[in-house]
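Trainee: coords please:
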Amino acid sequence: MKYPYGNCQHCGERLYAHVDGGYQCHNCHQRYPEDELDGATA
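Mentor: Numbers count the residues shown, from 1 in each chain. Sure, this is the predicted structure:
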């Protein structure tokens, strides 16, 4: 698992890199494509 990247726009929890690309929130399971989070900070 990769380190956290940014925060979920839905619930505010940390996002983690997903094996299929992009990022996913482990709390609410919301998925985000990589290009949607450009410039976000951990």
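
Trainee: where exactly do the strands run in the protein?
Mentor: Under the criterion DSSP state E, the chain carries strands at the ranges 15-17, 23-25, 31-32.

Trainee: buried set for the first one?
Mentor: Of the residues in strand 15-17, those buried by neighbour count under the rule 16 or more other CB atoms under 10 Å are Leu15. From N, CA and C alone the C-beta is placed, and that goes for glycine too.

Trainee: for the record, mean pLDDT for it?
Mentor: The average pLDDT within strand 15-17 is 90.

Trainee: listing partners with orientation, what would you give for it?
Mentor: In the sheet, strand 15-17 lines up against strand 23-25 (antiparallel) (DSSP bridges).

Trainee: okay, now the unreliable bits of the protein?
Mentor: For the chain, the stretches with pLDDT under 70 are 1-4, 37-42.

Trainee: got TSV for the strands of the chain, with distance to Gly6 too?
Mentor: Formatted as TSV, those follow (distance: least, CB to CB, whole Å):
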stretch	distance to Gly6
strand 15-17	5
strand 23-25	7
strand 31-32	8
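
Trainee: which stretch among these comes nearest Cys8?
Mentor: Comparing the strands of the chain against Cys8 with CB to CB, the closest turns out to be strand 23-25 (3.8 Å).

Trainee: and that closest one, how far out from the chain's middle?
Mentor: Put simply, strand 23-25 sits 3 Å off its chain's centre (CA atoms, centre = their mean, to the nearest Å).

Trainee: in this structure Cys28 contacts Cys11, no?
Mentor: Yes: Cys28 is in contact with Cys11 according to CB atoms under 8 Å; the separation is 4.6 Å.

Trainee: burial measure for Tyr23, as a count.
Mentor: 22 (other CB atoms under 10 Å).

Trainee: so what sits opposite it in the bridge?
Mentor: If you apply DSSP bridges, the partners that Tyr23 bridges to are Ala17, Tyr32.

Trainee: roughly how far does it sit from Gly12?
Mentor: Relative to Gly12, Tyr23 is positioned 14 Å away (CB to CB, to the nearest Å).

Trainee: what's the answer for His18, then?
Mentor: 18 Å.

Trainee: who has more neighbours out of these two?
Mentor: For His18 versus Gly12, neighbours defined as other CB under 10 Å are more numerous around His18 (15 against 10).
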